[in-house]
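Asks: Sequence and predicted structure below; questions after.
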Amino acid sequence: MFYRIATDGTQTRLPLEGAFSGPTRTGCWIIGGGPSLSTLPTDRIAASSLSKFSMNLAGHGLLRPNFWTAYDPTSRFQKSTYLDASIMKFIPRGRAMDVVPGTTGKVCDSPNTVFFDRDQSVGFHDFLSPSATAPTQESPVRSGAITDWQDTLIQAIHVASAMGFRTLYLAGCDMHISPSPEWMEQAKAVGVAHQPRELLRDFHQRCVERGLVMTDSGDAGSTRQYHFDESKPLAAAIQTDLHYFRVAQYLRLSRRALTLAGMELISVTPGSRLNDYFPYVPVETILKNIVEEIGDPDQEPTRGLYTEQLLRTPEGLGPMRDYKPHHWQKVAPVPRSTTPVGPSRHERLAQVVARVRDIPVSIREEG
């Protein structure tokens, strides 16, 4: 499913499938670019013992991720992301020969960069299911593909699943664009109240019907779009909000497939559209659970670990013993030889019976 690509098109498979799974469910933060991310304790998220998987420009100025992916064109993202060897980057094959912004190098030459194929044929019923595609002359190593629903969050979820993560904590994934407080105050003055997570298109239409017309400008004050310094014109923001709504419904409709794949989505984003369909848990609770399950590196003692013979199994633990799988103890069948062999036991018995029948037998009658 994953591979490296060189500038001459050479491909090298990377066996990353399931590499991050463990004896219990492995968790991962999914970092979105919504404005709510700036209200979360991102310093504690960054310091936690779970991997951070960011999308597009998400996390900029707040944290550096372990993993990163993007759906949109290469020119929309930062040089430092592509050239940072500490970030494993998951990028669609079609971006491999793009030039890294601000450089003369190709994306495929960037360190720690992984490529994958995309599959638009995935349905809600088989989301996260293994997607096998036949090898071709152009892609001799192709064996699987990542769901292509034209969205980075969907892409990130599938990549994380393929790597073995089974609990994803969605931070900064607002999945909606809200009007700014100033806009909502103006709307309130003309009798229009904004409903939480309603479509921006519908709110805008109701404002227009009451005579409040917002200009189609790039003014960041009209809507709250991202936690970083960027904004879109109002018309583009309305379309982006519709896209977020559609993706939230995609995930709602894929809940059975997510369950069958063993994937658990947990929102830690207050007010996210996903909170209507997936469990919401505050970040503080998740951070506490992580410490209980994995441990706190800042609090774990080191004294005596090199100098004392310590029994470090959990207190009260019963006996444990490793066994070989039961089928390993069975006698392996003897392979049949292809060389000519003598008569079988059945055939030898038949030959003996035939010889006996040819021998005269005297029968003595007893008086």
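Replies: All right, it came through fine.

Asks: Domain ranges for the chain, per the record?
Replies: Using automatic domain parsing, the domain parsing of the chain gives 4-8+25-177+248-294, 178-224.

Asks: distance between the ends of the shortest one?
Replies: By that I understand domain 178-224. Criterion Cα to Cα, to the nearest Å; first-to-last residue distance in domain 178-224 is 6 Å.

Asks: middle-most residue in the chain, spatially?
Replies: When Cα atoms, centre = their mean is applied to the chain, the residue found nearest the centroid is A160 (1.9 Å).

Asks: State the distance from that residue to A248.
Replies: 18 Å (Cβ to Cβ, to the nearest Å). No exception for glycine: its C-beta is placed from N, CA and C like everyone else's.

Asks: So the residue nearest to the centre of the chain lies in a helix, does it not?
Replies: Yes - under DSSP: H, G, I helix; E, B strand; the rest coil, A160 falls within a helix.

Asks: deepest of the domains of the chain, which one?
Replies: By mean neighbour count, with neighbours taken as mean count of other Cβ atoms under 10 Å, domain 4-8+25-177+248-294 ranks first of the domains of the chain at a mean of 18.

Asks: End to end on that domain, go ahead and measure it.
Replies: By Cα to Cα, one end of domain 4-8+25-177+248-294 lies 32 Å from the other end.

Asks: I figured G144 hits M1, correct?
Replies: Yes - using Cβ atoms under 8 Å, G144 makes contact with M1 at a distance of 3.7 Å.

Asks: which residues do the two both contact?
Replies: 17, 116-117, 162 (Cβ atoms under 8 Å, 6 or more residues apart in numbering).

Asks: In a strand, W29, correct?
Replies: Yes - the assignment for W29 is a strand, going by three-state DSSP.

Asks: who does it bridge with?
Replies: K52, Y169 (DSSP bridges).

Asks: Any figure for the gap between it and F53?
Replies: Taking Cβ to Cβ, one finds W29 at 6 Å from F53.

Asks: How are the strands of the stretch 151-300 of the chain distributed by residue range?
Replies: Using DSSP state E, counting those that start in this stretch, the strands of the stretch 151-300 of the chain run over 167-171, 178-179, 223-224, 264-267.

Asks: got those strands as JSON lines, with distance to R256 and mean pLDDT columns?
Replies: Output for these, formatted as JSON lines (distance: least, Cβ to Cβ, whole Å; pLDDT from 0 to 100):
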{"stretch": "strand 167-171", "distance to R256": "17", "mean pLDDT": "98"}
{"stretch": "strand 178-179", "distance to R256": "30", "mean pLDDT": "92"}
{"stretch": "strand 223-224", "distance to R256": "33", "mean pLDDT": "84"}
{"stretch": "strand 264-267", "distance to R256": "13", "mean pLDDT": "98"}
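
Asks: mind giving me TSV with those and columns for distance to P73?
Replies: Output for the strands of the stretch 151-300 of the chain, formatted as TSV (distance: least, Cβ to Cβ, whole Å):
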stretch	distance to P73
strand 167-171	24
strand 178-179	27
strand 223-224	23
strand 264-267	27
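
Asks: right, so of the ones you listed, which gets closest to D126?
Replies: For D126, the closest of these is strand 264-267, at 17.1 Å, according to Cβ to Cβ.

Asks: gap between stretch 151-161 and the chain center?
Replies: 5 Å (Cα atoms, centre = their mean, to the nearest Å).

Asks: Can you give the contact residues for that stretch?
Replies: 28, 30, 32, 53, 55-56, 67, 69-72, 90, 92, 116, 118, 127-128, 146-148, 168, 173, 243, 247, 250-251, 261, 263, 265.

Asks: Now it - C-alpha only, CSV.
Replies: Extracted C-alpha coordinates of stretch 151-161, given in CSV (Å, rounded to 0.1, in the frame of the first residue of the first chain):
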residue,chain,number,x,y,z
ASP,A,151,-11.2,15.1,1.6
THR,A,152,-8.1,15.2,3.7
LEU,A,153,-9.8,14.0,6.9
ILE,A,154,-11.1,10.9,5.2
GLN,A,155,-7.6,10.3,3.8
ALA,A,156,-6.0,10.7,7.2
ILE,A,157,-8.4,8.3,8.9
HIS,A,158,-7.7,5.6,6.3
VAL,A,159,-3.9,6.1,6.4
ALA,A,160,-4.0,5.9,10.2
SER,A,161,-6.1,2.8,10.0
